[in-house]
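Student: need a 3D model of the following:
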Amino acid sequence: MELNKLENQTLPSITSSADGRKWWANFEFYPDVVTNRKSIFRGLMYSGENYYSQTECAVKFGEPDVNEEELIKYVEGIREIHRLAGLFNATQKGVKITVLLPCVAVMDKVAPFYNRVFRMMQKNYTRIIADDDCILLEEWVQGHYVPFVDPEGNPNSVCPDVVHQFAHFCHHETKGQLVVTNLQGIEKDNGIILSSPVVHSVERKYGQRDKGMTGMATFFERFNNACSEGCKQYLSNKDIAYPSYPPSVHSTEKEAQLIANNTIKISEPPSYSASEAQNVQNSPPPPYDETPASSISPPNQTYFHPFNTRTNKEIQII
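Tutor: Model prediction:
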């Protein structure tokens, strides 16, 4: 890759790459990709003072209000998906999944006149780069990136079966604690390389893009309409541990029908005085427990998924 005008520079990264090293980068004057959410520059990154470690990289600038702490949380989510990819690949005989793990770094130097000159040339580009901006450094992989799964969990019509399986594997392997979306990447050398995944978790601990249980519910609603045969092994909820369920969640269609016919009455929520209501409002949320779904299933061992009320008699295709 031929690079010119490497006048922008970062400090050594705050987080480490998959092999434990920290990196700093020089990168070009002009961005290679500009979207509503981010700008991507091409550059070269180095580990410490070892110039033989020179590696082509992508330098990613996100929204200006995303701070260092939020970026670190986001990268920790990707680190978990990177770990899960290794476990998933151990079960595969064919196509392997590679998840690129970025490093969080802070800008050190900005090219002179960059903000003024480039913004004058590109009228739609409003991103100002500051000396203390937080960015992501990621290995540059040449190729055409395809959005296999969008951030909401909608799969592309060309989404490979192995990506479907991997997404379900992540949820199953973590016992229901997270789902992964925004699976975009390239197919290369009998493998799929994924970049910039978004993680939604029960504890909502992976940054601003982690939408918690709401994001997980949206994923299941939209993602599971085109599952392959290979997904079935990861769709059982037998060993999944979720937060405690409210009593109004019904595990069988029969119960739902009885309620619809007013055969079973749903108890009305309790009424509170003004002072009691204030206490309830100020109380912390209930803790998440580790109770597996199997322990609260009806006697016939019919498992249910927390995001729908359909019966799971064998393996629920959701």
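
Student: point out where the stretch 1-150 of the chain drops to low pLDDT.
Tutor: By pLDDT under 70, the low-scoring segments of the stretch 1-150 of the chain are 1-6, 112-127.

Student: name the nearest residue to Ile97, ignoring sequence neighbours.
Tutor: Leaving out its chain neighbours, the residue that sits closest to Ile97 by CB to CB, 6 or more residues apart in numbering is Ala85, at 4.6 Å. All C-beta spots, glycine's among them, are computed from the backbone N, C-alpha and C.

Student: show me the contacts for the one you found.
Tutor: By CB atoms under 8 Å, 6 or more residues apart in numbering, the contact set of Ala85 is Ile97, Thr98, Val99, Phe166, Leu194.

Student: check the secondary structure at it for me.
Tutor: helix (DSSP: H, G, I helix; E, B strand; the rest coil).

Student: that one and Glu139: what is the separation?
Tutor: Per CB to CB, to the nearest Å, Ala85 is found 15 Å from Glu139.

Student: immediately after the helix or strand harbouring Ile97, which helix or strand?
Tutor: Assigned by DSSP states H and E, Ile97 belongs to strand 96-99. Using DSSP H and E, the next helix or strand after strand 96-99 towards the C-terminus is strand 103-109.

Student: what is that following strand packed up against?
Tutor: Judged by 3 or more CB pairs under 8 Å, 6 or more residues apart in numbering; DSSP states H and E, strand 103-109 is in contact with strand 8-10, strand 23-27, helix 68-89, strand 134-139.

Student: so what strands line up beside the following helix or strand past the second one?
Tutor: In the C-terminal direction, the helix or strand that comes right after strand 23-27 (DSSP H and E) is strand 33-34. Here strand 33-34 is paired, per DSSP bridges, with strand 39-47 (antiparallel).

Student: what does the partner strand rub up against?
Tutor: Strand 39-47 has contacts (CB under 8 Å, 6+ apart) with 1, 3, 6, 8, 21-28, 30-34, 53-61, 125, 127, 137, 140.

Student: cutoff 7 Å now
Tutor: The contact list for strand 39-47, computed with CB atoms under 7 Å, 6 or more residues apart in numbering, reads 1, 3, 6, 8, 21-28, 31-33, 53-61, 127, 137, 140.

Student: now that strand - C-alpha only, PDB.
Tutor: Below are the C-alpha coordinates for strand 39-47, written out as PDB (Å, rounded to 0.1, in the frame of the first residue of the first chain):
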ATOM      1  CA  SER A  39     -14.200   8.300   9.100                       C
ATOM      2  CA  ILE A  40     -11.500   5.800   8.200                       C
ATOM      3  CA  PHE A  41      -8.000   6.700   7.400                       C
ATOM      4  CA  ARG A  42      -5.300   4.400   6.000                       C
ATOM      5  CA  GLY A  43      -2.000   4.300   7.800                       C
ATOM      6  CA  LEU A  44       0.900   2.400   9.300                       C
ATOM      7  CA  MET A  45       1.100   1.200  12.900                       C
ATOM      8  CA  TYR A  46       4.100   0.100  14.900                       C
ATOM      9  CA  SER A  47       4.600  -1.800  18.100                       C
END
